[in-house]
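**Q** Sequence plus predicted model, see below.
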Amino acid sequence: MTLTSDERWDLIDKITEKTVRFGKYERSLKDIVGELTVRPATGIPLAIAVLFGFFSFFFTFGLSFLMMLLDPVFSKYLIPWLVQTVPGGGPTLKESSLLYGILVGEPTALHAFEYFGVLTSGLYVAIGVVLPAVFAFYIILTILEDTGYMPRLVTLIDTVFHKIGLHGFAAVPMLLSLGCNIPGVEATRALETRKQRFMMMALLGVFIPCGAQLGVMLAVVPEYVGLILLYCIISFFIAGFVLDAITPGRSPEILIDVPPYRAPTWRNIARKVWHRVEGFIAVAIPMVLAGVLVVNILYWVGVIGWIGSVLSPMFVYWFGVPEETAGPLVMAFLRKDVAVAQISAIKMTVAQTIIAVTLVTIYFPCLATFIMILKEAGVVDLLKCLGILIVSFFIFGGLMQGIVSVMGV
Amino acid sequence: MDNWKGGSVYFAVLGAVTLWFGCWELATSVGITELWATEWFKLFPESMDWMCLWRGIVTFFAGLLIMWGAFRFSDPEGFGTSVIGVIMLWILAGCDILKMICGSLSGQGSWTYTLYGFLKYYAPPYPTATWLLPFSLVMIFFIVSWGKGKEKEQKAIIADKESLSSTKKEETV
């Protein structure tokens, strides 16, 4: 049956009459709140509150609650059992066998952080510290994504990021990196140009501490985490401003679709969180264990002691930290969080601890992130990142020593 | 409409009180005033650290937005502004309550739970946002009323349209 044009229009009219209800469109409360959220006067205060809630949840649920629940598994059951069971143990590390030293570490250690064995500190850091932090981080990030708040946050901070040649989407890799730098580097694909991707990778790798590292920082220097984070954010924008000026390429404008607010479904949140945590377990946990193993071997063969003596003038005079921090800095290349944990075991003043933790933070990203940058950007950009790292490490590390001295910490 | 006038006054007062607490928290966190606590009230849920300053900023802006919106409460944008301010207050109170729940369930890393150890986390003193929470819950009534009002308006418009089209049909017949 073929319809003429008029018949078709009549049919459309009939269907519309039956299916479409006409009324005056009134903005719902969700629409109004949605609009107010992207206006600076109302949106910025709400963003400050949302980020407060974000970090509060991260610290309370991830670092306090989950860590405290998991801590007895290691400190009361697993580690004492390993210390007794693994063969070759002596009263001190020097009197123990090589295998014992690598697997269990220092038998006289008082805290799980201080053993440095693959199965003791390695497992404790990976599962007892890093995993709860990352789990809590991904829960709250997923909720923000699924409610529709993330695109609004992106819109709000677009202006700020434009000052350093990036745009609002840069907030996504930045926030993801606070969980783990690896998905953060992957998320730089959302940026338009090669210049923007390179800049973001370099800045993430140097200035954004991962969730695991934040967790350990909070355990080692809880009173100064805010100061270190503030310093990292300021350094991020200063370095970004310089990089924007010296990196060739363009920074185009973007158009973003802001969806309406929606109540998230718990099933979707559970699936997304599991998918992200699963990826983290597969990549990061073997890396932590391998990192502890490599550092233990380097320690046993004397490489760490040698690096410490070679670099000691720089550490002592330029950064004002003891030469023993060379070891954790080598470790930082494999896992930054383990490095921060190792720093906690070195006897230092409060000022030295703050500087050392800052140095580990702005040191080159961990090996997994390094590989990710290589995959995403290629060898040339990776080498450029390395150059940025070395310059930033010296400038911002030295500057931190000056700030801490001025503050009289 | 009386409800909305009452709401305007109520939220102007709540905004002013929240704003005052915000100023107090800010002053304390930067060291202008001494940290103050009683048996029932404490300014911050945590010991003095960098989060206190952040909390002070949030409380301050929450108060400002609630009050600002309350002055034009019957206007959709004014009402929305007050709602945003109240949401900020709920975020703070939610964080405080989460802290109590997590503290009571964690057993302080020992897995040994006692009734006293569990309950002590819910005992006073409570921080600012927790005290302000019950007063801010009044906003739920206005959100529901606003939604219902809009629904009624929409239904009335549809009913008008439908009666108009049925009259037209009758006239045609």
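**A** Nice, thanks for sending it over.
**Q** mean confidence for the longest helix along chain A?
**A** Using DSSP state H, we find that the single longest helix of chain A is helix A:367-407. Averaged across helix A:367-407, the pLDDT comes to 82.
**Q** by contact count, what packs against that helix?
**A** helix A:181-187, helix A:194-207, helix A:225-246, helix A:266-301, helix A:350-362 (3 or more Cβ pairs under 8 Å, 6 or more residues apart in numbering or on different chains; DSSP states H and E). For the C-beta atoms, the positions are set from N, CA and C on the backbone; glycine is no exception.
**Q** contacting residues around the residue of chain B found nearest chain A?
**A** As assessed by Cβ to the nearest Cβ, chain A sits closest to B:Trp50 within chain B, at 2.5 Å. By Cβ atoms under 8 Å, 6 or more residues apart in numbering or on different chains, the contact list for B:Trp50 reads A:223, A:225-227, A:230.
**Q** one more time with 7 Å, if that's ok
**A** Residues near B:Trp50 by Cβ atoms under 7 Å, 6 or more residues apart in numbering or on different chains: A:225-227.
**Q** what do you get for A:Ser96?
**A** Counted by Cβ under 7 Å, 6+ apart, A:Ser96 has contacts A:88-90, A:107.
**Q** neighbours around the one residue in the stretch 201-350 of chain A that gets nearest to chain B, how many?
**A** Proximity of the stretch 201-350 of chain A to chain B (Cβ to the nearest Cβ) peaks at A:Gly226, 2.5 Å away. Using other Cβ atoms under 10 Å in any protein chain shown, A:Gly226 has 16 neighbouring residues.
**Q** could the helices and strands packed on helix A:367-407 be laid out in JSON lines, adding distance to A:Ile102 and mean pLDDT?
**A** Formatted as JSON lines, those follow (distance: least, Cβ to Cβ, whole Å; pLDDT from 0 to 100):
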{"stretch": "helix A:181-187", "distance to A:Ile102": "26", "mean pLDDT": "78"}
{"stretch": "helix A:194-207", "distance to A:Ile102": "29", "mean pLDDT": "88"}
{"stretch": "helix A:225-246", "distance to A:Ile102": "32", "mean pLDDT": "88"}
{"stretch": "helix A:266-301", "distance to A:Ile102": "5", "mean pLDDT": "81"}
{"stretch": "helix A:350-362", "distance to A:Ile102": "23", "mean pLDDT": "81"}
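**Q** got those as JSON lines, with distance to A:Pro80 columns?
**A** Formatted as JSON lines, the helices and strands packed on helix A:367-407 follow (distance: least, Cβ to Cβ, whole Å):
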{"stretch": "helix A:181-187", "distance to A:Pro80": "33"}
{"stretch": "helix A:194-207", "distance to A:Pro80": "38"}
{"stretch": "helix A:225-246", "distance to A:Pro80": "30"}
{"stretch": "helix A:266-301", "distance to A:Pro80": "19"}
{"stretch": "helix A:350-362", "distance to A:Pro80": "28"}
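**Q** Quick check: which of these is nearest to B:Gly117?
**A** In this view, the helices and strands packed on helix A:367-407 are compared for proximity to B:Gly117 by Cβ to Cβ, and helix A:225-246 is the closest at 27.5 Å.
**Q** Can you give me the domain assignment for chain B?
**A** B:2-136, B:139-173 (automatic domain parsing).
**Q** how far out from the middle of the chain is stretch A:263-274?
**A** 21 Å (Cα atoms, centre = their mean, to the nearest Å).
**Q** Report the contact partners of whatever residue of the stretch 301-409 of chain A ends up closest to chain B.
**A** When distances are taken as Cβ to the nearest Cβ, the stretch 301-409 of chain A reaches nearest to chain B at A:Ile354, 12.9 Å away. By Cβ under 7 Å, 6+ apart, A:Ile354 lies in contact with A:221, A:224, A:228, A:404, A:409.
**Q** do the same with A:Gly117
**A** Residues in contact with A:Gly117 (Cβ under 7 Å, 6+ apart) are A:102-105.
**Q** Narrow those to just the buried residues.
**A** Among these, those buried by neighbour count (16 or more other Cβ atoms under 10 Å in any protein chain shown) are A:102-105.
**Q** can you tell me which of those residues are in helices?
**A** A:102-103.
**Q** Tabulate the buried ones among the contacts of A:Gly117 (TSV), appending distance to B:Gly85.
**A** Shown next, in TSV, are these (distance: Cβ to Cβ, whole Å):
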residue	distance to B:Gly85
A:Ile102	57
A:Leu103	56
A:Val104	55
A:Gly105	52
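**Q** if we take the buried ones among the contacts of A:Gly117, which one ends up nearest to A:Tyr363?
**A** Nearest member of the buried ones among the contacts of A:Gly117 to A:Tyr363, counting by Cβ to Cβ, is A:Gly105, at 23.1 Å.
**Q** Would you map the helices across chain B?
**A** Ranges of helices in chain B, per DSSP H, are B:2-29, B:50-70, B:76-106, B:115-119, B:128-136, B:138-172.
**Q** Just the residues contacting the shortest one, thanks.
**A** Outside helix B:115-119, the residues that touch it by Cβ under 7 Å, 6+ apart are B:Ser104.
**Q** Could you pull up the mean pLDDT of it?
**A** Mean predicted confidence for helix B:115-119 is 81.
**Q** Extract the CA atoms of it and return them as CSV.
**A** Extracted C-alpha coordinates of helix B:115-119, given in CSV (Å, rounded to 0.1, in the frame of the first residue of the first chain):
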residue,chain,number,x,y,z
LEU,B,115,29.0,-2.2,73.3
TYR,B,116,30.7,0.8,74.9
GLY,B,117,33.4,1.0,72.2
PHE,B,118,30.6,0.9,69.5
LEU,B,119,28.3,3.4,71.1
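**Q** That helix: how far from the chain's middle?
**A** Helix B:115-119 has its C-alpha centroid displaced from the chain centroid by 29 Å (Cα atoms, centre = their mean).
**Q** now do stretch B:116-127
**A** 22 Å.
**Q** residues of it that come out buried?
**A** Of all the residues in stretch B:116-127, those buried under the rule 16+ other Cβ under 10 Å are B:126-127.
**Q** Which of the contacts of A:Ile354 are buried? Put it as a PyMOL command.
**A** Here is the PyMOL selection string for the buried members of the contacts of A:Ile354, based on 16+ other Cβ under 10 Å:
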select buried, chain A and resi 221+224+228+404+409
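**Q** Looking at the contacts of A:Ile354, which is nearest A:Thr159?
**A** The nearest member of those to A:Thr159, counting by Cβ to Cβ, is A:Ile228 at 26.0 Å.
**Q** Could I get the contacting residues of A:Ile164?
**A** Counted by Cβ under 7 Å, 6+ apart, A:Ile164 has contacts A:237, A:240-241, A:244.
**Q** quick one, the worst-scoring helix or strand of chain B on mean pLDDT and helix B:2-29 angle?
**A** When the helices and strands of chain B are compared on mean pLDDT, DSSP states H and E, helix B:138-172 comes out lowest with a mean of 77. Per axes from the mean of the first three to the mean of the last three Cα atoms, to 10 degrees, the angle that helix B:138-172 makes with helix B:2-29 is 150 degrees.
**Q** Helix B:138-172 - contacts with which helices or strands?
**A** Judged by 3 or more Cβ pairs under 7 Å, 6 or more residues apart in numbering or on different chains; DSSP states H and E, the packing partners of helix B:138-172 are helix A:29-38, helix B:2-29, helix B:76-106.
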